[in-house]
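okay, here's the prediction I keep looking at, along with the sequence it came from:
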Amino acid sequence: MAEENYKEYLAARVLTDNRPATYRLLSRALKVNVNTAKQMLYEFHSKQNAKKPKSVHATYLLTGKKRSSEHSNGIKGKDGEDTVMRSSPYMSSMPEPEAPAEEPVSKTSIVLAREEELEKTKAEFDEITSIHIYSLEPGPIENLNVLSVCNQEVATEYANEDPLARWRVYGCIHNPYIKRRTTKYNPAPQKPATKPASKPSATTAAKKEETAAPARRGSASEANISGRSTPQPGPTTASLKRSDSKSNVKKNMTAGDIFKSFAKAKPKAKEAEKSKESTPAPAEDEQMQGMSEDEGDADDEPQVQFDKEKAETARKAREEREEKLRKMMEADIEMSDAPPEAENDSQDAPLDKEATSKSAESEATVIVQGGRRRGRRRVMKKKTVKDEDGYLVTKEEPVWESFSEDEPQPKKPKPAPKPASTAKGKKGGKQGQGSIASFFTKG
Amino acid sequence: MVLTDGDVLRGEPFEDPAYLPSRNASAYRPLHTFELPKGVEKHYQQQYADMYFLRLAQLKKFVRQNAKDAWEDFELGEEKAKYVERVLDVRQGELCWVVGTVYMEMNLKPNVLDDISKEHWIAAPPPRETYVSTSGRDDMMLEDESGRLRVTGDSLNTHYVTGCVLAALGTEQADGSFQVIATQYADLPRQPQRWEREDSELTVAKKPKPKREKAGKVAIVSGLEMTGKEDDDLTLDLLLEYLTGEATGPPDQSSVAKITRLIIAGNSLSHASPILSREDFTAKKGGLKKHYGYDSTSYNASPAEKLDSFLSELLPTVPVTILPGTSDPANVALPQQPLHPALFPLSRPYANPPAQSNETLSGLDSVTNPWEGDIEGWRVLGTSGQTVDDLLKYVDGVEPLEVMEMMLRWRCIAPTAPDTLWCYPFQDDDPLVVQDCPHVYFAGSMRKFEKRVIDGPAGQRVLLVCVPRFRESRQVVLVDMESMDVELVEVGVVQPGS
C-alpha cells in the first residue's frame, strides 16, 4: 500500500505544496524502510521528469573515496586561508615533514550535491561506494540548508514513536544493548495519561496522611503546584513510600523533642502540641521538596502527582494549619512554611528561611557559622546520592549542616550539631524560638 | 564506477530491504579519575602551591631514576656528575644534576600578580595567541620546595613549559644561572594490559574469562558547535543520518554498523560557556541595557535543545560518551565536570539516573573533561583540547601531536594548569598526573586531524589522535579498537554554483 501512497504523498508535498521531501521524511511518513524510500524518490523523480522535464529537482548523496590529489588540494586551500599564522611550523626545523610520511589515513567522503553539480562531484571521486537521492524539491534550490527543515519535521512530528523500535520500521542500525528508562520524566507538556499511574501513589500517600502529620498533604500539593508533576513509576512509588514513612517517623521523634522543650517553655501545651505536629512537618517537607527538586533535574526521579481537587483541599488544610502556626509562632516560621508554594525555584526562598533560622540560632548558641546557610540543600543532596535508594533524604544531621563557598573548615560542623542541639533543647526551653532552631539544626 | 549494491538509484520494484547488521555491545568501563568531590567536599580555599608540590613529589622518583640511568657515569673533564637533592644546594662550577619543576617567566604570559595589582575596571586584554615574546627574553626556571634556579642552555630547545617536572644536568655559571647540558623527563608510565581491569576482576571472582568478540570502532567527533538556528547546518543532519545508518547505501551502512560508540570530545554547543568570551561579551553589552548579574531573558535554549534532539536521535542506535569543552555549559576550570542531565530532557532516559550510578555503560554517558576509561579493554584518555591549546601558547613551531606526546612523557596531561589554565586546586592527589599510560589519547577541538603512534621505553604503544573541530573540518574520526587503525569520515555539501 505504501507503494501506492508514495506517489500521492510526494505529489502533494513536492508538486502541490512546493516543499522539499527527503528520503527520511518519506520513510517516516509512509513507515517504510529508508532504503525503500530512497528508491521511491528515484522512481518518482524519473517518472515525473519523463512526463514533464524539470518538474522535479533532486539532490544526491554520494559516498566514497575522493581522489587524493583533489582532496588534498581542497584541504590545503582551506587550511591556508584560516591558518596563516600557523604556517611557521612548516618552515621551522621541527620534525613536521615526517608526519605526513606516515601511511595515509583512509578517508570516506559523504557529499550532498544538487543534480546540477552531480556529474562534477562524481568526477571528484575515485570510487563511489554508494549513491542515492537525498531529497526532491519542486525546483533548483539555492540554499541546501532548507533541507534540514525536513529533519526538524522528522524530529518533531514523529517524536512519539518508540525510538527503540525505529530500526524495525525504518531500517536504521539496531542496537540491542541500548536501554531506555520508561519511568521517565516526560519533557512534553503534562499529559493526562500520567494519571492512572499516579493514582496509587496518591492513595498510599493519602493513607499515610491519616497516620502521620497531616501537613504532608500540603507538601504534596506543593509538588503538584510547582508544575513538576511527573509520571509515577511502580518501583519509585515504593521507594518514595518508604522514604515518606521513614521521614514521618523521624519527624515524630524530633517533634517529640521539640514538644518537650515547648512544654517547658509555654503553658499552652495544647497549642504546642499542634505546633509540634504541624511545624516540623512543613519544614521537613519543604526541605525534601527542595531536595527532590534538585534531584528531579538531576536524575528524573519523578514525584507524586495528585489530583487537582486533592491538591486544593490539601492546600486549604495546610493554610489553616499555617494560620494556627502563625498565631503561635509569630512571623518567623510562617516564612519557612510558605515559600515553596510560590517560589519553588527561586533563590529567595532559602534565603528568607536562613535569615529566620539564623536569628533563632544565634540565641540558641550555635556557633560561628550563622550566616552561611546557603548550601544546606546541597549537603542534603549529597547524602541522598549516597543513600541506597538514592532518592531519599531522611538523615537529620547532614540535612542541616551548613555549607558555603566561604566555609573555611567544613568538616568541623559535622559532629557539632548533635551535642549542640541537645544543649539547645534545654536552652530552648526558655525561649520558644530557640527550640525551633534546635529542630532546624537537628533535622 | 559505482558498486552495484551501493547504487540506490533504482526504481520499482521495491523489494524488502534486508536489515542491517546490529551493532555489537561496546565494552565500556569508565574510570572516575577526574570527578571532583561534590558539595561541601569541594573547596576553593586551598593554595595552588600544593599542586606543584604534589606533582614534584609524585614524579621526582621516576625522573630521578631516569636521570640516574642516563647520567650516572657521565663525566666531563674528569669530573663526575653527581645528584644534588635540592636546587639551592647547587654549587658554582660543580657538575651536577637536579630535579625540579619548570617555571617559565614570560613577558606575555598572564600573571596573576599583575591581575591583582592592576585596576579592575579596565577591560581585560584579549586572550593571547602565544606567550612567546618576540624579543626572546623568556626565562626558564627550575624550582623545588627549596627555591628556584635560573636555567639556560642550548639543550633546552626541547620545549618545556611551566609545570613539567624534569631533571637537568649542568653547572652553575658565575652569573648564578644553571647551564644545562642535558635533560631527562619521567617518560611513559606503565601501560596496563588490554582487558586488565576486567580480567583481574574475573580472576578475583574466580570466573573464566569470556570469549570476546572482535571489537568494533569508536567514532570521535568534536566541536559540533550547535547554534540552534533554523538553518543550523545540513552537515549535522548528514552526520546524524550517517551514524544512524540511514544515509548512504547498504555497503556503507553495514560498515557504519561496526561503530559501537560515539565520543563527543567537547564544544558541542557554541557560545554556551558560563563565562563569556571577550567577543561575546561586547556583542551582548552593545545590544542590551545594563543589567546587574545574570539576565535570564537573554538565555537562548535552542542550542541545547538542538543538541538534545541530536543525541536523542542517535542514542537508540549508538551509545554516546560526551565530554564538556570550552564552549559548553560546564564549569570552566579543569577538570570540567559532566554536563548536567538537565540539559538533556530527551536524551537522559538513555542514561542511568545519577542516584543509581554515575556511569552508564550503554546509553548516554556524560563524563568529565579530561576523561579516562576502558573501551574494548584499551585504556582511553581524552580531553577536549584546552590543555593542548594552552600548552601550544608557550612554544613556537610545535605541532599538537608533539605536545600530546610530551604531555604523556612528562606524565602530566595539563602541566600548564594551574599557571595559565584554570584548574581545581587539588590538595591530596593530582589526577592530572598520568598514572597509567593510555593506549589511545585523543584531544578534541584541534585545528586539523592528525594521528601518530608513539612508543615508550617499556614497550608501551600509544595512539595519539587530534580530533578536528567538526564545524570547520566536517570530519569524524573512527578508531578501530581491534587494529588501532584510524579512519576519517568527511561529510560535505556541494554549494550550488560552485
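Yes, it's here.

flag the shaky bits of the stretch 101-250 of chain A, pLDDT-wise.
Counting by pLDDT under 70, the stretch 101-250 of chain A contains low-confidence ranges at A:101-103, A:182-250.

residue in it nearest to chain B?
Among residues of the stretch 101-250 of chain A, the one nearest chain B by C-beta to the nearest C-beta turns out to be A:Ser130. It sits 2.7 Å away. Every C-beta, even on glycine, is put in place using the N, C-alpha and C of the backbone.

now the element after the helix or strand harbouring that residue, going C-ward?
Taking DSSP states H and E as the criterion, A:Ser130 maps to strand A:125-137. Sequence order places helix A:148-157 as the next helix or strand after strand A:125-137, per DSSP H and E.

that next one near chain B anywhere?
Yes. Against chain B, helix A:148-157 shows contacts by C-beta under 8 Å from any C-beta of the partner chain at A:148-149, A:151, A:155.

for the residue nearest the centre of chain B, grab phi and psi.
What sits nearest the mean C-alpha location of chain B, by C-alpha atoms, centre = their mean, is B:Thr383, with 1.9 Å. Here the main-chain torsion angles of B:Thr383 (degrees, to the nearest 10) amount to phi -130, psi 170.

in the sheet, who's paired with it?
B:Ala443 (DSSP bridges).

ok, it to B:Lys38 distance?
In this view, B:Thr383 and B:Lys38 are 22 Å apart by C-beta to C-beta, to the nearest Å.

A:Ser55 too?
If you go by C-beta to C-beta, the gap between A:Ser55 and B:Lys38 works out to 62 Å.

how is the chain partitioned into domains?
No chain in the question, so chain A it is. Chain A resolves into domains spanning A:2-75+A:115-170, A:192-442 when parsed by automatic domain parsing.

my question was about chain B, not that one.
Domains of chain B are assigned by automatic domain parsing as B:49-184, B:196-490.

doesn't B:Leu315 make contact with B:Leu240?
No. B:Leu240 lies out of contact with B:Leu315 (C-beta atoms under 8 Å); the separation is 11.2 Å.

which one's more surrounded, these two?
Of the pair B:Leu240 and B:Leu315, B:Leu315 is the one with more neighbours under other C-beta atoms under 10 Å in any protein chain shown, namely 27 against 20.

quick check: closest non-adjacent residue to the more buried one.
Distance criterion C-beta to C-beta, 6 or more residues apart in numbering or on different chains; nearest residue to B:Leu315, sequence neighbours excluded, is B:Tyr350 at 4.3 Å.

for B:Gly325, same thing?
Counting by C-beta to C-beta, 6+ apart, the residue nearest B:Gly325 is B:Gly266, at 2.3 Å.

which residues touch the one you found?
Contacts of B:Gly266 were listed using C-beta atoms under 8 Å, 6 or more residues apart in numbering or on different chains, and they are B:222-223, B:323-326, B:328, B:369, B:383-385, B:444-445.

please save the CA atoms from stretch B:26-39 in CSV.
Coordinates of each C-alpha in stretch B:26-39 appear next as CSV, following Å, rounded to 0.1, in the frame of the first residue of the first chain:
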residue,chain,number,x,y,z
SER,B,26,30.5,-1.5,23.4
ALA,B,27,32.7,-2.9,26.2
TYR,B,28,32.9,0.2,28.2
ARG,B,29,34.3,0.8,31.6
PRO,B,30,34.7,4.4,32.5
LEU,B,31,37.0,5.5,35.3
HIS,B,32,36.2,8.3,37.5
THR,B,33,39.6,9.8,37.9
PHE,B,34,38.6,13.3,37.2
GLU,B,35,35.5,13.6,39.2
LEU,B,36,35.6,16.3,41.8
PRO,B,37,34.1,15.8,45.2
LYS,B,38,30.6,17.1,45.5
GLY,B,39,29.0,19.7,47.7
